[in-house]
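**Q** The following comprises the amino acid sequence and a computationally predicted model.
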There are 2 protein chains.
Amino acid sequence: MVMKNVGHMNAGDDETSYANNSALQKGVILEAMPVLDETLRDMFAAAESCCFQKCWKMVDLGCSSGPNSLFVISHILDTVEQLCRNKNFIGSDNSPEFEVFLNDLPDNDFNNLFKLMSGQVIGKNKKRRCFLYGLPGSFYDRLFPSNTLHFAYSSYSIHWLSQIPEGLDRNNRENIYMARTSPPEVFEAYAKQYQKDFSTFLRLRGEEMIAGGRMVLTFVGRSVKDPSCKHHSAHYTLLSQSLLDMVAEGLVKMDDLYSFNVPIYMPCEEEVKTVIQKEGSFNLDKLHVFPVRWDAQDNIINYENDLVFDKHRSGKLVANCVRAFMEPMLAAHFGSSIVDELFGRYEEKMGEHLSEQKYSSYYTIVISLSRKRK
Amino acid sequence: MVMKNVGHMNAGDDETSYANNSALQKGVILEAMPVLDETLRDMFAAAESCCFQKCWKMVDLGCSSGPNSLFVISHILDTVEQLCRNKNFIGSDNSPEFEVFLNDLPDNDFNNLFKLMSGQVIGKNKKRRCFLYGLPGSFYDRLFPSNTLHFAYSSYSIHWLSQIPEGLDRNNRENIYMARTSPPEVFEAYAKQYQKDFSTFLRLRGEEMIAGGRMVLTFVGRSVKDPSCKHHSAHYTLLSQSLLDMVAEGLVKMDDLYSFNVPIYMPCEEEVKTVIQKEGSFNLDKLHVFPVRWDAQDNIINYENDLVFDKHRSGKLVANCVRAFMEPMLAAHFGSSIVDELFGRYEEKMGEHLSEQKYSSYYTIVISLSRKRK
């Protein structure tokens, strides 16, 4: 399975769409924001006027089709415009112009994204000259001409691999990700695919960026070196258990489950550092790891409505969130007819899991990189 | 009615989609191609190496969602690359890079367009570094940063006005475009809106283009000065007659028909020249007017299959073609329930019209413009 064909979030804006199930992602964006702000400040502290006077070009890599992308872009442009003012990069008749590219795979729901954007003012300045473009393509391919990009941002996308790790075949049996019962070659295949993909990603962005250009990347990672540690992948374990239950009832074929693996990798801090250093195009200026509670979205709602924990509600919220990014891939592999049933079961298991592990978390890594002088 | 809200071709790829009803447009593209080729040759004859070595940036304005856009872009890139070679703009390790922007209103079916493009090689050179972007927005607004665009192309789009001409109200009665029975203020309103819109278009593109940048624009026009001449707008007259029949049968409200006017203008040669000269950003290097037979699409099919003229088949083909660009607007105004019935009637009327006027034509204008030194 190559990601270019099925790698997109649930389209549209109904109950199971990504657009309506991305509150958790928004929480992550807020948590990573200090790193983003510091990177932009630092970029302008080092910048010379000539680099920015004409046009500042940025991309949101893996923007998907929800409102989060516009939220971040508005914040970035407001910040950059203020920094331009502070540095006197803006004359009275010479405001900076902004080019913003919204990138995702060609199957992404760009129509919905463009409808969301249409007529919207991006950020606080209504007179800002900001040009928005859709960029359909994989960030494991070149996306821009050489030496033209100032800033790349990505939130919760680059943990997606370019494909299911090569050579997995049916070795991973009923597991759909690295698990305690996976054989060693599964861990190797995943790690190797990650190193190859992240290295390609860095090399290509390095070619596209001006010297001194910056990237802020947020992705799911793990807090421990051991990739078989069960805590970092409970959501996949529960999903493979739900699938296995359906196999037992004859609703899913065992062979289909054996051939399904999730093309995602959650690296640990050391792996990230090693690839960046080895590839060589970028300096790693900052790396920050933080836990995200699975029921973060529910916490927000509970807080607002003064409710107590309810495992059914929490289970459903987290299940919807996982469904929003997993459904297209599951439907392509198992057929769309199983999806409702699967997530019904998943919802229950997740509810139980959350009531047992009240603070169930996964880890997010945010890194800030600067393009080395060429 | 502002075009930003309903201005798009029929989406998707089924029987009534624009993607499957754009053969006529393709014929026009081929007819205009010598002007396109000459413009590109001329551009490179005048160009200095420094302008193009890095990256050549072009846009297809109003590209819609069918295959025609990719056909033209492939041709343009093949031509430009050959011209670069002839001028020795290409070193062995320094191939030019191309940025291609596909523009249409935000309601355009970009998802379908991106699916068509996905994995496609654009033009003959498989190794060509060509970056494709979607650009949702009106070409009556700014689309690019200042002084960055090399080439703009548009086929069958800029005859669309930015809105229904101001002040038409219900003056045009049962007509939906300028017609013999339209009062003078209708002709004035249409002409004024055209002058305003085309002038805005030229000013904005002038800001975006580098000095020496070129535009090739193809649009529907009329061959005679008199805008009430019935020959240039037979397709709208037949459509208003079909609507009027439905009013008589109580299927459409008279008031709805009175308030409907098509936001299109088909200028004559003199009007085009006057606006370009008055606005002042561009030189008009070439203007070519040619007739297009309404049943051009049918001719192609007849020719291939060795068939004789059949008014039913021809009527249906032309009706489908008109439906592909008119349906979204008609559905928004009259409700989508009337559309099948309307085009059933239109098909018959068009068949009769074509059998009476075997060489029924409308006129297309293609112009080549160069951005003056700034």
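**A** Thanks, I have the structure now.
**Q** which residues sit in contact with the spatially closest residue to A:S223 that is not a sequence neighbour?
**A** Distance criterion C-beta to C-beta, 6 or more residues apart in numbering or on different chains; nearest residue to A:S223, sequence neighbours excluded, is A:Y363 at 4.5 Å. (Each C-beta comes from the backbone N, C-alpha and C, glycine too.) Contacts for A:Y363 (C-beta atoms under 8 Å, 6 or more residues apart in numbering or on different chains) come out as A:V220, A:G221, A:R222, A:S223, A:H232, A:M266, A:V289, A:F290, A:P291, A:V292.
**Q** Report the buried members of the residues you listed.
**A** A:V220, A:G221, A:R222, A:S223, A:H232, A:M266, A:V292 (16 or more other C-beta atoms under 10 Å in any protein chain shown).
**Q** Give me the distance between A:S223 and chain B.
**A** Counting by C-beta to the nearest C-beta, to the nearest Å, the gap from A:S223 to chain B is 37 Å.
**Q** before we move on, what about A:Y258?
**A** From A:Y258 to chain B the distance is 29 Å (C-beta to the nearest C-beta).
**Q** one step back: between the buried ones among the contacts of A:Y363, which is closest to chain B?
**A** Here the nearest of the buried ones among the contacts of A:Y363 to chain B, counting by C-beta to the nearest C-beta, is A:V220; it sits at 26.5 Å.
**Q** re earlier: just list whatever residues bridge to the residue nearest to A:S223.
**A** Note on A:Y363: beta-bridge partners by DSSP bridges are A:G221, A:P291.
**Q** swap in A:D60?
**A** A:L102, A:Y153.
**Q** ok, now which ones touch it?
**A** Residues near A:D60 by C-beta under 8 Å, 6+ apart: A:S69, A:V72, A:I73, A:V100, A:F101, A:L102, A:N103, A:Y153, A:S154, A:S155.
**Q** quick check, nearest of these to B:T237?
**A** A:L102 (43.0 Å; C-beta to C-beta).
**Q** Check the secondary structure at the residue of the stretch 51-200 of chain A found nearest chain B for me.
**A** Here the residue of the stretch 51-200 of chain A nearest chain B is A:G134; by C-beta to the nearest C-beta that distance is 3.4 Å. Following DSSP: H, G, I helix; E, B strand; the rest coil, the label given to A:G134 is strand.
**Q** pLDDT score for the residue of the stretch 151-300 of chain A found nearest chain B?
**A** The stretch 151-300 of chain A approaches chain B most closely through A:E208 (9.6 Å), counting by C-beta to the nearest C-beta. For A:E208, the pLDDT comes out at 96.
**Q** Same question for A:N20.
**A** 59.
**Q** Straight-line length of stretch A:146-161, end to end?
**A** 24 Å (C-alpha to C-alpha, to the nearest Å).
**Q** Which positions in that stretch come out as buried?
**A** A:146, A:148-161.
**Q** returning to what we had before: any idea which of the contacts of A:D60 the model trusts least?
**A** The minimum pLDDT among these falls on A:S69, with 84.
**Q** Please tell me how far that residue sits from A:Q120.
**A** From A:S69 over to A:Q120 the distance is 11 Å, taken as C-beta to C-beta, to the nearest Å.
**Q** which residues in the stretch 101-250 of chain A form helices?
**A** Here the stretch 101-250 of chain A has its helices, by DSSP state H, counting those that start in this stretch, at A:110-117, A:184-208, A:234-248.
**Q** Alright, calling it a day.
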